[in-house]
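**Student:** need a structure here:
(one chain, ligands or ions: 1)
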Amino acid sequence: MAPPERCAEVESRLTEALLDRSEPEAGDRAHAEDCATCGPLLLEITELGDQLERLGDVLDAPDRLTDATILRVRSLMERERLGDRVPMRVPAGLPKGFPGECLRLLGAALLPFPIVVAWNLAFLALGEQVLGNVLPASLLSTVGAAYVAAAAGWFALLYGSIPILAHRRAQRRTAEVSS
Ligand SMILES: [Zn+2]
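**Tutor:** Residues are numbered from 1 along each chain as shown. You can find the predicted model right below:
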(Lines give C-alpha, C1' and ligand atoms only; values in the text may rest on other atoms or scores of the structure.)
Protein backbone atom coordinates (compact mmCIF):
# COMPACT_ATOMS: atom_id res chain seq x y z
CA MET A 1 0.00 0.00 0.00
CA ALA A 2 1.45 3.38 -1.00
CA PRO A 3 1.73 6.04 1.71
CA PRO A 4 -1.29 8.41 1.69
CA GLU A 5 0.89 11.53 1.21
CA ARG A 6 2.27 10.07 -2.01
CA CYS A 7 -1.29 9.37 -3.20
CA ALA A 8 -2.43 12.91 -2.32
CA GLU A 9 0.46 14.34 -4.35
CA VAL A 10 -0.27 12.09 -7.31
CA GLU A 11 -3.98 12.90 -7.11
CA SER A 12 -3.35 16.63 -7.19
CA ARG A 13 -0.84 16.36 -10.07
CA LEU A 14 -3.24 14.16 -12.06
CA THR A 15 -5.99 16.74 -11.59
CA GLU A 16 -3.61 19.54 -12.57
CA ALA A 17 -2.72 17.65 -15.75
CA LEU A 18 -6.41 17.37 -16.64
CA LEU A 19 -6.98 21.07 -16.00
CA ASP A 20 -3.96 21.86 -18.19
CA ARG A 21 -5.18 19.34 -20.75
CA SER A 22 -1.76 17.78 -20.70
CA GLU A 23 -0.58 14.20 -20.28
CA PRO A 24 0.04 13.09 -16.70
CA GLU A 25 3.73 12.50 -15.87
CA ALA A 26 4.90 8.98 -16.65
CA GLY A 27 5.79 8.35 -12.99
CA ASP A 28 2.35 9.43 -11.77
CA ARG A 29 0.65 7.36 -14.42
CA ALA A 30 2.70 4.29 -13.45
CA HIS A 31 1.87 4.84 -9.78
CA ALA A 32 -1.86 5.25 -10.46
CA GLU A 33 -2.00 2.15 -12.61
CA ASP A 34 -0.67 0.13 -9.68
CA CYS A 35 -2.49 1.94 -6.86
CA ALA A 36 -5.97 1.07 -5.61
CA THR A 37 -6.51 4.65 -4.37
CA CYS A 38 -5.31 6.59 -7.42
CA GLY A 39 -6.35 4.07 -10.09
CA PRO A 40 -10.04 5.10 -10.29
CA LEU A 41 -9.09 8.78 -10.50
CA LEU A 42 -6.74 8.10 -13.40
CA LEU A 43 -9.54 6.24 -15.21
CA GLU A 44 -11.98 9.08 -14.64
CA ILE A 45 -9.44 11.65 -15.80
CA THR A 46 -8.70 9.69 -18.95
CA GLU A 47 -12.40 9.30 -19.72
CA LEU A 48 -13.21 12.92 -18.99
CA GLY A 49 -10.25 14.07 -21.09
CA ASP A 50 -11.59 12.07 -24.04
CA GLN A 51 -15.07 13.51 -23.51
CA LEU A 52 -13.80 17.08 -23.39
CA GLU A 53 -11.76 16.45 -26.52
CA ARG A 54 -14.76 15.06 -28.42
CA LEU A 55 -16.99 17.93 -27.36
CA GLY A 56 -14.33 20.42 -28.39
CA ASP A 57 -14.20 18.78 -31.81
CA VAL A 58 -17.96 18.88 -32.32
CA LEU A 59 -18.90 22.25 -30.89
CA ASP A 60 -17.10 25.43 -30.10
CA ALA A 61 -19.33 26.79 -27.36
CA PRO A 62 -19.07 23.87 -24.91
CA ASP A 63 -15.30 24.12 -25.21
CA ARG A 64 -15.47 27.68 -23.93
CA LEU A 65 -17.87 26.60 -21.21
CA THR A 66 -15.66 23.77 -20.03
CA ASP A 67 -12.73 26.17 -20.08
CA ALA A 68 -14.73 28.52 -17.86
CA THR A 69 -15.60 25.66 -15.52
CA ILE A 70 -11.99 24.56 -15.38
CA LEU A 71 -10.89 28.11 -14.57
CA ARG A 72 -13.42 28.18 -11.79
CA VAL A 73 -12.27 24.88 -10.27
CA ARG A 74 -8.72 26.10 -10.50
CA SER A 75 -9.41 29.43 -8.80
CA LEU A 76 -11.27 27.66 -6.00
CA MET A 77 -8.33 25.31 -5.50
CA GLU A 78 -5.92 28.24 -5.62
CA ARG A 79 -7.89 30.13 -2.98
CA GLU A 80 -7.85 27.07 -0.77
CA ARG A 81 -4.13 26.78 -1.18
CA LEU A 82 -3.61 30.40 -0.21
CA GLY A 83 -5.77 29.87 2.86
CA ASP A 84 -8.39 32.39 1.75
CA ARG A 85 -11.82 32.32 3.29
CA VAL A 86 -14.26 30.57 1.03
CA PRO A 87 -18.04 30.98 1.43
CA MET A 88 -18.32 27.56 3.05
CA ARG A 89 -15.89 27.51 5.93
CA VAL A 90 -13.48 24.61 5.74
CA PRO A 91 -10.40 23.56 7.66
CA ALA A 92 -7.08 24.14 5.90
CA GLY A 93 -6.91 22.41 2.53
CA LEU A 94 -9.61 21.02 0.33
CA PRO A 95 -11.77 18.24 1.74
CA LYS A 96 -10.44 14.84 0.79
CA GLY A 97 -11.99 13.59 -2.41
CA PHE A 98 -12.75 17.06 -3.80
CA PRO A 99 -11.03 16.49 -7.18
CA GLY A 100 -12.82 13.16 -7.58
CA GLU A 101 -16.23 14.69 -6.80
CA CYS A 102 -15.56 17.53 -9.21
CA LEU A 103 -14.68 15.15 -12.01
CA ARG A 104 -17.68 12.93 -11.35
CA LEU A 105 -20.10 15.87 -11.42
CA LEU A 106 -18.44 17.43 -14.45
CA GLY A 107 -18.58 14.10 -16.28
CA ALA A 108 -22.25 13.63 -15.42
CA ALA A 109 -23.09 17.19 -16.47
CA LEU A 110 -21.23 16.87 -19.77
CA LEU A 111 -22.92 13.64 -20.85
CA PRO A 112 -26.31 15.17 -21.80
CA PHE A 113 -24.71 18.34 -23.20
CA PRO A 114 -24.77 17.40 -26.91
CA ILE A 115 -28.44 16.39 -26.59
CA VAL A 116 -29.37 19.63 -24.90
CA VAL A 117 -27.52 21.67 -27.53
CA ALA A 118 -29.11 19.70 -30.36
CA TRP A 119 -32.55 20.18 -28.81
CA ASN A 120 -31.98 23.92 -28.51
CA LEU A 121 -30.79 24.19 -32.10
CA ALA A 122 -33.84 22.25 -33.28
CA PHE A 123 -36.07 24.51 -31.19
CA LEU A 124 -34.47 27.61 -32.71
CA ALA A 125 -34.89 26.24 -36.23
CA LEU A 126 -38.53 25.41 -35.54
CA GLY A 127 -39.10 28.86 -34.04
CA GLU A 128 -37.61 30.46 -37.13
CA GLN A 129 -39.96 28.44 -39.35
CA VAL A 130 -43.05 29.24 -37.32
CA LEU A 131 -42.30 32.89 -36.56
CA GLY A 132 -40.49 33.61 -39.82
CA ASN A 133 -43.76 34.39 -41.60
CA VAL A 134 -45.05 36.56 -38.79
CA LEU A 135 -42.11 38.57 -37.53
CA PRO A 136 -39.76 40.84 -39.51
CA ALA A 137 -36.25 39.33 -39.84
CA SER A 138 -34.59 41.91 -37.57
CA LEU A 139 -36.99 41.18 -34.73
CA LEU A 140 -36.64 37.46 -35.30
CA SER A 141 -32.88 37.56 -34.83
CA THR A 142 -33.32 39.63 -31.67
CA VAL A 143 -35.68 37.01 -30.26
CA GLY A 144 -33.24 34.25 -31.25
CA ALA A 145 -30.33 36.05 -29.62
CA ALA A 146 -32.32 36.57 -26.42
CA TYR A 147 -33.16 32.87 -26.34
CA VAL A 148 -29.53 31.86 -26.86
CA ALA A 149 -28.38 34.29 -24.17
CA ALA A 150 -30.90 32.85 -21.70
CA ALA A 151 -29.82 29.29 -22.50
CA ALA A 152 -26.15 30.25 -22.12
CA GLY A 153 -26.96 31.77 -18.74
CA TRP A 154 -28.45 28.49 -17.57
CA PHE A 155 -25.46 26.53 -18.81
CA ALA A 156 -23.05 28.87 -17.05
CA LEU A 157 -25.04 28.49 -13.84
CA LEU A 158 -25.11 24.70 -14.14
CA TYR A 159 -21.43 24.26 -14.89
CA GLY A 160 -20.32 27.03 -12.59
CA SER A 161 -22.03 25.36 -9.65
CA ILE A 162 -20.08 22.13 -10.10
CA PRO A 163 -17.05 23.07 -7.98
CA ILE A 164 -19.30 24.30 -5.18
CA LEU A 165 -21.42 21.14 -5.26
CA ALA A 166 -18.32 18.94 -5.35
CA HIS A 167 -16.89 20.85 -2.42
CA ARG A 168 -20.02 20.33 -0.38
CA ARG A 169 -20.31 16.64 -1.23
CA ALA A 170 -16.65 15.94 -0.42
CA GLN A 171 -17.03 17.85 2.83
CA ARG A 172 -20.13 15.91 3.81
CA ARG A 173 -18.39 12.65 3.07
CA THR A 174 -15.38 13.65 5.15
CA ALA A 175 -17.67 14.61 8.02
CA GLU A 176 -19.45 11.26 7.85
CA VAL A 177 -16.17 9.38 7.97
CA SER A 178 -14.80 11.31 10.94
CA SER A 179 -17.97 11.24 13.03
ZN1 LIG B 1 -1.86 6.15 -4.94
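**Student:** okay, now Ala125: neighbour count?
**Tutor:** Per other C-beta atoms under 10 Å, the neighbour tally for Ala125 reads 10. Where C-beta positions appear, they are placed from N, C-alpha and C, glycine not excepted.
**Student:** host element of it?
**Tutor:** If you go by DSSP states H and E, Ala125 is part of helix 113-132.
**Student:** how far away is Leu124 from Arg74?
**Tutor:** Per C-beta to C-beta, to the nearest Å, Leu124 is found 33 Å from Arg74.
**Student:** Give me the helix or strand of this structure that scores worst on average pLDDT.
**Tutor:** helix 61-81 (a mean of 67; mean pLDDT, DSSP states H and E).
**Student:** How about the residues of the chain by the ion?
**Tutor:** Residues of the chain found near the ion (C-beta under 5 Å from the ion) are Ala2, Cys7, Cys35, Thr37, Cys38.
**Student:** Just to check, the third one is in contact with Cys7?
**Tutor:** So the one you mean is Cys35. Yes - between Cys35 and Cys7 there is a contact under C-beta atoms under 8 Å: 6.4 Å.
**Student:** Give the other helices and strands that the helix or strand Leu14 falls within contacts.
**Tutor:** Leu14 is located in helix 4-20, with elements delineated by DSSP H and E. In terms of contacts (3 or more C-beta pairs under 8 Å, 6 or more residues apart in numbering; DSSP states H and E), helix 4-20 is packed against helix 26-34, helix 39-58, helix 61-81, helix 98-110.
**Student:** Buried residues of it, list them for me.
**Tutor:** Of the residues in helix 4-20, Cys7, Val10, Glu11, Ser12, Arg13, Leu14, Thr15, Glu16, Ala17, Leu18, Leu19 count as buried by neighbour count, 16 or more other C-beta atoms under 10 Å.
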